[in-house]
Every structure is written in C-alpha cells, then in structure tokens.
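1. predicted coordinates and the sequence they were generated for:
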Amino acid sequence: MPELFGIPITGANIAFFVLALIILLSGVTVLMMDKLMHMAVALGGVFLGVAGIFILLGADFVGIVQIMIYAGAITILMVFALMLTQNGDETRTAQPHPTRTWLTLIFTVVFVGIIVIVLRSVQWPVSQNAIEPFTQPTVNLIAQALYHTYMIPFELVSLLLTAALVGAVLIARKEEE
Amino acid sequence: MGDVLLLLVLIPVLAAILTLFLPAGSKSLIRGVALVGTIIPTLFAVVAYASFGHNTTGFQDVFSTTWFTINNAFSGTPLAIQFGFAVDGISMPLVLLVGVVSVLAVIRNFAIDTRVKAHYFWMLLLIAGLYGAFAAADMFSFFFFLEATLVATYFLIAIWGNERRQYAATKFLIYRGFASVVMLAGLIGLAYSFASQLQATTISLVVPYEPNYLTLSLTQMASVVGHVNLPAATQGGLFLVFLLAVLIEEAFVPFHTWLADTHEQSDTGTNMLIGGVLMKIGLYALIRFAVTFLPQGLHEYGTLVAVLGVISILYGALVALASRDWRRLIAFSSISHMGLVLLAIGSMQAIGLQGAVFMLVSSGLLTALMFFTVGAQADRTKTFTIGELGGLSRPLPVLSGVMLVAALGLVGLPGLSGFVSEFTLFVGSFARFPALSIVATIGMILAALYLLFAMQRTTFGPQKPEYAGLKDARAIEYIPMVVLIALVIWIGVFPSILGDVVHGTVQAIAARIGG
Amino acid sequence: MALQPFLTLAAILFGIGLFGALTKRNIIIVLISLELMLNAANINLVAFSHFLQTPNIAGQVFSLFTIVIGAAEVAVGLAILLAFFRAKNSADVKDVNLMKW
Amino acid sequence: MSTSFLSFQTLWSLMGPELVLAIAAFIIMLYELIVTGDAKKAVAPWLSVIASIGALIFAMSRIGTTVTTGVSVAVVDDFGSIFAILLLISTILVLLFAIAMKKRQSLPYEYSYLVLFATVGAMVLATATDLITLYVGLELLSITTYVLVALYRKSPRSSEGGLKYLIMGSIASATILYGMSFLFGISGSTDLSTITVVMQTSFTNFPGLAYLSLALIVVGIGVKISAVPFHLWTADVYEGAPTPVTAYLAVVSKAAVFALLIRLTYMAFGAEVHMWYGVIGWIAVITMIVGNFGALAQKNVKRLLAYSSIGNAGYMLIPFAVSGLVKTTSSFTQGLSSLLFYLFAYAFMTIGAFAIYAVVASHEQSDEVDAFAGLYKRNPWLAGTMALFLLALAGMPLTGGFVGKLMIFIAAFNAGQYWLGVVLFATSVVAFYYYFSILRAMFMTEPKSDSKSMHTPAVMHIVIVLCAVGILWLGIFPTTLSGVLGNLHWFA
C-alpha cells in the first residue's frame, strides 16, 4: 500500500484528510470573514464536513440528521438572522478588545494542545480495523436504543423541545398592546 | 439548683421578648420591665453564690440539655450539641459581676430617651449573652452566647452611639467576629483532638461518659481530663489558636485599635457593660479552655503570653497617658490592666491565677464605675475631652469624689479591690518572671501618672465659668456609685468573699499545669 | 483508519468554537461558535461509538440528542436576540454592555 | 435486545414526581389554549403550585424506597428523593413569589408551566444515572431558565441577562458534554454504574484521559454553580432577570447542578477522590473569598445577593470536597447531610431575602441599599423578617444558616481539613460587613420618602412567613431535618 509520511494512502484516509481540512478551514473562516455570504458558505462547509465525518464513521443516520438540521435548518436560520440584524453586508462591526483576544487565543491554543498531548499519550483499547462495526443498519440499532434504553431521555427531549418552542415564541412575539 | 443558671439567661431573654410586645410610647413601663428582668437574675446569681459549695473544685449547679445532634461527626459517632450551664470558682465571681453591672447599666440608661424599646431589647439580649457566656459549661453554648453578645452590642453601638457610631460598630463587629471564628476553630479543634485521644485510650469505658467520643461539654471533658494527654504539638498549636482569638477579643497589642473607637462611640450604659463585663470574656475563655485543657501548650508558650501581657501593659499605659478623651483613656487603661492578667496566666502559679480572676472582677467593677462617673460628668459638661474640663470638684463634689475613688482603685490603693488583685497577681508572676514583673510594675506607676494627671486636670484647678451652675449627682445616680464603691471596698477589705470561691478551682487547675 | 485523528480533529474544532464563543462580539457568531463546540463533542461521540472495543450505538444516539438540543438552543438564542434587538435596535455584542461583563 | 418497551408503570415508579409536573405543565398549556381572558392569568400559576405540592407529597412518600429495576437510565434512591423534595419546596416558594409580584412587574403567566419544565430537568439531574439522561436533564433545566431570565421582553436588561446566561450556560454545557464524551470513550457505556466499574481501573490505565474528562466536567459544572473563576456572568444575569427567576437560579438551578456534580463525579471518578479533592478545596476557598469580598463593593442589592450566592456556592463545595476523603461511609454521609441541610437553609433564606427585596425595590423604584433606608419605621414586619434572613445568611445562631454552616464545619474537621472550616467562618465574618450594611440601612437611617405604609401583597406574606418559619425551624429544631438526613440510604 502506498504511504505518505508513514500513513497509508487509502480511500478512507484521503476522505478524512479532505473532510478535516474542509471543517477546520471553514471553521476558521466563519470566525474571520467579513462578508456575510462567505461566512454562510463556510458555516455550511463545517456542518457538511462534520456530516461527512459521521458517514465516514459508518454513522449514516446521524450524518443525514446532521445535514438536515445543521447544514439545512440552522445554517439558514443563522443566515436569516444575520441578514435581519445587520445593516449591510458587514458582519464585523466592532473589533473586540485586542489584549483579551490574544489572551483567549493563547489560552485556547494551550487548552487544545493539552488535550492533543493527552490524546496522543493514550494507548486506545480499540478495535483498530473495524470498518463496519455494526452488523445491523445503524437506523435499526438507533431506533431500538431510543425506544428501549433511552426512552426516558427521549421523552425528556420532547419536554425540552416544547419548552424551547413555547419559550422562543413567547419571547420573540410582538407585544400585544 | 442547676436551673438557677438557666434562669439567669432565660429571664433577660423573656424580658426582651416582652418588651417587643409593649407599646413603644410607654417608656417607663419598658424601663421597669428591663429593670425587673435584670434584677431577678442578679438575685439568682447571689443565690448561686450563697449556695456555692466550697469543698468541690469542679463544676456545680450543672444544667444540661441536648439541643440537637450531628450524626457521624466523629468516627461514626454523633455529636450532641448541648445547652450546658454550670459554675465553678472561676466563673462564679464573673457571673456575679454580670449581675451587678447589668442592673447598674440598665438604671444608668434610664436617661436614654430615643427608641427606648429597641434599646432595652438589645441590652437585655446582651445581658443574657453575658450571663450565658460565663455560665456556659459547654463549648457550643459558650460560642452561642458570644455570638449573641456580638450582635446585641453591634446594635447598641450602631444605633445609640455618637457621631462615628457606624464606623465603630462595624469595626467592633469585624474584629470580634474574627475573634469568635478563631475561638470556634480552637474549640472544635480541641474537641476533636480530645475525641481522637479518648478513642486511642480505652478509659472511655470506665468513666461515666456518653458512648460517643466527640463532645463539646466541659463537664464531660472535665470528668476524663486526667486520663487524656493530648500530644504536645497539638496542645501547642491549639494554645496558639486560642491565644490569637483572645488577643483580638481583648484588644491586646497589636489588635488594640478597635476598643478605643468602640468606647468613644458608645453610650455610657453600653460602655459599662462592654468595659465592665464583655471585655472579660476573652481572658476568661483563655483560662477556661486553653489553661485548663492545654497545660503543655501553656508550658511551651507561657513566656510568650507573659511578654505579650507586658507589652500591652506598657503600650496601653503609654497611650492612656497621651489620651485626650476620658473614654479612650479608660479603654487603654483597661487594656493595660488586662495585660496584667495575661502576665499572671503566663506565670502558671495558683496564686497568680487567683489574682487574675480577682483582677477581672476588680477591673470590671472599677471600669464600670469609671465609665459611669465620666458619663455623668459629660451629661453635665457635654464633653469627654480632658483638656476642656477643669475645676469640677467645686460644682460636682460627689461625682468628683467618686471618680477619685475609682481612679485610686485602678491605681491600686490598699483597701480597695485593685490592690488585692494586683498584689496577689504580682506574687504569682514574680515567682516565675521576676524581670518581666518589674517591667510590668512600671505600667502601674504609669497608671498612677495618667489617672491622677487626668483627675487633676478634670476636678481641680480653676473652675471654668461655664461649669459653675452644674448640679451634682441626682438620687438615681447614687445607686450605681454606692453599690460599686461598696463592692470595691468590700473586696478590698475582705478579699475572702471572692477568694474562698476562687481558691479551690484555681488550686486544681494549678495542680494540672504543675505550676 | 485510527481513532486518534478524529479525536484530534474534534479537539481543534472545539478550540475554534471556544475561542469564537469567548471573543466574538457579534452574538450570532457566538451562537455559531457554540454549535461548533457541540459538533466537536459529537465527532468524539460518534468516533468512540465506532472504534470502541465493543462498538456501542449509544454514542450515535447521544449525538442525535445533542444535535436536537443544539437546535433548540439556537432557536431560544435567536428569540432572545430578537427581543433584545427590538429593545436596542442592534445585534452587536458591544451593545450588550449595559452591565459590566 | 429483548427488552420490552418502557411501560407506564415502570416510568411511574421511576419518575413519578417528574411525571406529575410534566403532565401538569401540559394540562396548563392546554387550559391556556381553551380558556381566554384574564381568568387564566390568575388560575394558571396556582395550578402549577398545586401540581408542585402534589409532586412534593409524592417525593416525600418515596423517602426510603429504592427502585433500580427496569431501564437503567434512572434510579429512585434517597439521594434523588431528598433533592427532589428540596427542589420542589423551592419551586413552590418561587412560584408563590412570582404570583405575588405586583401588576407592573408581573411575569407573563406562561412562566407557570415553564418553571415546571425547568424543575423536571432539575429533578432529573438528581435521579438520572445515565450520561445521556443527565445531559438532557441539564439542558432541559438550562434552556428553560434562559427563557425565564429573558421573560421581561420590554426590558433590555432582562434580554441581555438572558443572552449572557445562554452564552455562558451553553459554553458550560458543551464543555460538560465534551468531558462526558471522553467518559463514554473510556468506558464504552453511558450507564453510570458501568462507568463506575470501569473507572476503578481506568485511572491507572488512562490517567491523562480520566483527569481530562474530570477537569472538563468540573469546569463546566463550575460555570453553572458560579464557582470562581467561572463566576463572571453571575451578577449581571441575576441583576437582569426578573427577581423570582433570580431566586430560582440562585436556589433551584444551583442545587440541581450540585446534585449532578455529586452523582456524576462520585460515581465516575470516586475511585481516586483523594487525588482531586484538594483542587475542589482550593476552588471552594477562592470561591468563598472572591464571592464575599466581591459583595463588599456592591451597592445594588441584587448584585450583592448574587455575590453572596457565589460565596455560598463556595461553602457548599466544602462538603463535596471532603465527604469522599475519609473512606468511611459515615463521614461520607455526614458530608452529604451537611450539604443538604445547608441547601435547605439556603433555599429559605435566599428566597426570603429576594422576596423582601422585590417588595422594597418595586415600592422605592430603586435597587440600591438605600432603598431599605428606615424600613423599620415604615414596615417593621418587613424589616424584622429581612433582618432574620440576613442574620441567617451571615450565619448567626438560632437560624438554619448557622446550623448548616456548623455542620459543614464539622464535616471539614471530621475529614481533617481544618483550614477549609476556618476559611468558611472567616469569610462569613467578611460577609457580616455587607449583610449588616443592609441592616444598618433598615434600622439606623431615617426613611427617605415620607410614604408611611408599604403595601405587600398577601401572597408575598405567605412566602415570607414560610421562609421565616423554615429558617427559624431549621435553626431551633434542626434535628427534624438532620435526623431525617442522617438516616437516609443515599445511593441505591
């Protein structure tokens, strides 16, 4: 198998690196861009890239949900919100405090660095080459888990969605004078 | 007889609650309730004194009831939080002191006319707290009543004080609050070390002791104290904790700044209670907890205690010498006299400890008398500043005379209580710290200097014209003066009225500390 | 394929999200950053679900819950923002400074 | 997988009180759709009060029962039941408080079921034993409280508080979730009892990962309970929120997240508690210090109480830090008892103080300490009860606040952590300064406005009386609660 820097060049690996690149570049772009449309595209890129990662990991159902909810609904919602609340195309109207930004940046880099170091130090007790770990389609498994083991949280989520929905409507509606 | 001590606390509290239900306008009625609510406990205190058994060295008149329990507080055994009251030779004189000063302070503050109801409410709570703190036979009860005095005194200063009362009250609260916290840490720490030591030894089976090791009850601890030898390091550490608490509590150097502010800003009756009684609690606690239960700690740090005492004696005297305000002068004089008590405790002699208890009582009576006469003068002259007074012996012969007696008492004139106290105290301290004691006597010379100097400026000299028409003591003012002077002379002439009570207990403690 | 690259990717994405959430002044971008953090956690969950010694679907289920909750969070966030926008006529975090941060 | 569907019976036996609240919430929503006019505004909140009382009675009846059968995402044990009782009592008080708010400041009546939803989430945090369920419960509580904080739509401060709370809360949730994902990665399960077993060895096998997971979870929870240094949002959010909601945040949210903290960290990381309790101890110390010193600078009473609640979070962290330390069941039990006792006392004194603040602030149109000037003359009853709550917060004897602190103090000494106990009481002395500043304003200054009476709604009197009786009862007859706590079998 051909290798690059000691990593075997397989379809999965190539896919991972492409997706990772898309996610991280888009992620940075979301935070850095001035133009609204660029940001919207980048946001979609992150969410779609994550969906790709899910599918790569064999979680096709979760991937599809990710595309529908995040890449679809939330991105659109965010773009609408941005357009509604912004006069013009600029998203960056005020510069944050530079010192605080730099301190946060250093803090974040150190934080991520520690996590990565910890991760690299771990010998994972994992099944290394299980490309298809689940014998059944994941949808079946998820459905079974949801309706058996995770029935209670499933019902709680319905409460949560009701509360969020009612709350959002309650707060966002116009005054009835 | 145990219920007598409970009544000492209960009656003022009930009287305080009763005042809440009286109409604010009927001031005489409120004053009457307050007076009755303090006289009855005083009578009970006298009853307790009269029936005091001179043959036992331990606690008498024990009353104890469990308030609540904290489960699994130590090694799976519960801790019973109790209300326990008892007196021994050390607390009995101080309970009497509360009895005397509280009645006189209540009478004195008949003069207060603003928010009378609230005033006597807090004053009665303060008196209950003072009784409780001295009569407590349980470390929790002691802390409980100490906190009660804290809140009550805060309100008394902050509402009825002078111009800078808020500042003084807050300062009082924070300093005494910290002292209470350190004290609590010491008390609980003592109880825990005691419990672990008790668990390590097996004697718990032979003594009449609750099955649980951890206790805050002094009577229970006293019953096994002979069998429990705490490690020297523990004793030393705990002793320092108690010492720190007492230094803050008693306004010793370097924590001395709050007392003068407190006295300067408080009204006269409150000053009598603070200076006469409240300021004795700390040293009482040092003897009651640290000296009794931590003899090795005292051995290790006795010299430190004595040195700190001498520093406060001299510093207090020097600042008193420079004071321009009578109340600040008395405050620093009191710090100076309390330094003597520290010196006596450091000396670890039975006779010294006896002198220390005498000094607490004597200084309490004399300080109260001093504040009373100074306050009575200021009622007439509208000033406490020594420099503005002068020639008062002519318009106010009685008040000036009483003041002179109080000052002579503080100076240590033979025949008055101050002399007996200082004499016994020095007898003890010379035995162990001759050099330090000689230095301490300088403080006594300074006391004579600042008191007589201030007296001379106030009462003698040319009479200022604006003070010409002042009226001397009214009938009601004779009560505190006569009572206090009578007691000061009585103790001075017949020291045995206190000595018989104190002697046994002090001997027992001294035997334990091996002095 | 191995587990570590996925976890590393997630860690970096979490970091980007955290940085955005803590520094950005535009509240909508802050909300987006929060979603990035949730996405990072989801990558972790799904990756673990896949690579565990005994693969467990629970990770995927967990990530589904997270996605749904994230959407609810965004909805509430935008609703509050809308209310705030009505009151202040701005969607910029620099106006969210009536009180000291 | 041959497990059957979750039967209603199982659900009822497992989450009965939660179910009562949830069903009541939906009924109130339906009622609100059917009935029109002002009647519903008056009735709906009372319906939630009744539902909460029902759930409370149910929860009380479950003390001593243990249910672990059926699905494994939740258990009924005394830990969950006692927290449920605490949360429900607090919820009832907050609901009454909200009902008593004056017309001008009344909340939109929808709060009556939103609060129930939030309380369901809070109770789930105390009963769930599964990562997914815990996370969902946490978010149910959090998202609902974001809405509650922003409930004054006309007030930019309220919306702003809601936004801040949402941002900080979501960062915290995401951090907790991220930490949970590692926990799932190590153990391969979301079930806490499985995790407990796996984590016995994982600290030696994957120390880095275990501590990383612990750190992320503790930091996230630290934000939620406003432990220092994650407390910066607290004062702003507390100030912006409607006062009953502030009380809800300070009491119910905080208590529920403490339940999460204890259940999650002790089950997942309890094996190595002696390795990390010290860090918690330090967090407790700086939280006590920063909270109490921060309050010194505040003139605004709501912000003052916010900082005071930060300091209180520090006190409550002490039993958590030490209770696992001495490896005997008895000391562990004593630690938990002291925490629960303090939480009960804290609930009464905090809600009571906020209630009186709400009356005074709305009457005076001012949030400052000065608004309390001369209260003893205008309304001695309010001044007296406020004094009681403040003295309780300051930890004066005869109040539940003192007994709670004493119990925590004993817990610290019992574990040999004397310094924690000393800092607890030493910072309480600092707290004297600002609590007494309100007392000073009430009793020692003259009233500013000459308006004589201060009208207090009748329901507010009920809240105040309940809180005052509660705090005095806990202070004078502590055994009634501590005896119950001492006999609990905490975990199933």
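-> Noted; the coordinates are in hand.
2. so where's the stretch 251-400 of chain D shaky on pLDDT?
-> Residue ranges of the stretch 251-400 of chain D with pLDDT under 70: D:326-329.
3. recalculate using a threshold of 80.
-> For the stretch 251-400 of chain D, applying pLDDT under 80 flags the ranges D:271-274, D:323-332.
4. any stretches of chain C with poor pLDDT?
-> For chain C, the stretches with pLDDT under 80 are C:1-2, C:24-26, C:53-55, C:85-101.
5. the longest helix belonging to chain C packs against which elements?
-> In terms of residue count, the longest helix belonging to chain C (DSSP state H) is helix C:58-88. With contacts defined as 3 or more CB pairs under 8 Å, 6 or more residues apart in numbering or on different chains; DSSP states H and E, helix C:58-88 has these neighbours: helix A:60-66, helix A:75-85, helix A:138-147, helix A:151-172, helix C:27-51, helix D:131-149, helix D:156-187. C-beta coordinates here come from the backbone N, C-alpha and C atoms, glycine included.
6. and the fifth one with helix D:131-149, angle?
-> Here helix C:27-51 points in a direction 170 degrees away from that of helix D:131-149 (axes from the mean of the first three to the mean of the last three CA atoms, to 10 degrees).
7. whichever strand or helix holds residue D:209: which residues count as buried?
-> Under the criterion of DSSP states H and E, residue D:209 resides in helix D:207-224. Buried residues in helix D:207-224, counting neighbours by 16 or more other CB atoms under 10 Å in any protein chain shown, are found at D:209-224.
8. what's around the residue of chain A found nearest chain B, how many residues?
-> Using CB to the nearest CB, residue A:152 is the residue of chain A that sits closest to chain B, at 33.5 Å. Summarising burial for residue A:152: neighbours were counted as other CB atoms under 10 Å in any protein chain shown, giving 26.
9. next one: residue D:7
-> By other CB under 10 Å, 12 other residues sit near residue D:7.
10. do the same with the one 5 residues further on
-> Using other CB under 10 Å, residue D:12 has 12 other residues around it.
11. show me which of the buried residues of helix D:207-224 neighbour chain A.
-> Filtering the buried residues of helix D:207-224 for proximity to chain A (criterion: CB under 8 Å from any CB of the partner chain) leaves D:209, D:212.
12. and which of the buried residues of helix D:207-224 is nearest to residue D:130?
-> Checking the buried residues of helix D:207-224 against residue D:130 with CB to CB, the nearest one is residue D:217 at 14.8 Å.
13. next one: that closest one from chain C, what distance?
-> The spacing between residue D:217 and chain C, counted by CB to the nearest CB, to the nearest Å, is 12 Å.
14. please name the nearest non-neighbouring residue to that residue.
-> Distance criterion CB to CB, 6 or more residues apart in numbering or on different chains; nearest residue to residue D:217, sequence neighbours excluded, is residue D:179 at 3.9 Å.
15. which residues touch that neighbour?
-> Contacts for residue D:179 were tallied using CB atoms under 8 Å, 6 or more residues apart in numbering or on different chains; they are D:212, D:213, D:214, D:215, D:216, D:217, D:220.
16. same question, residue D:25
-> For residue D:25, the contacting residues are A:159, D:48, D:51, D:113, D:116, D:117, D:120, by CB under 8 Å, 6+ apart.
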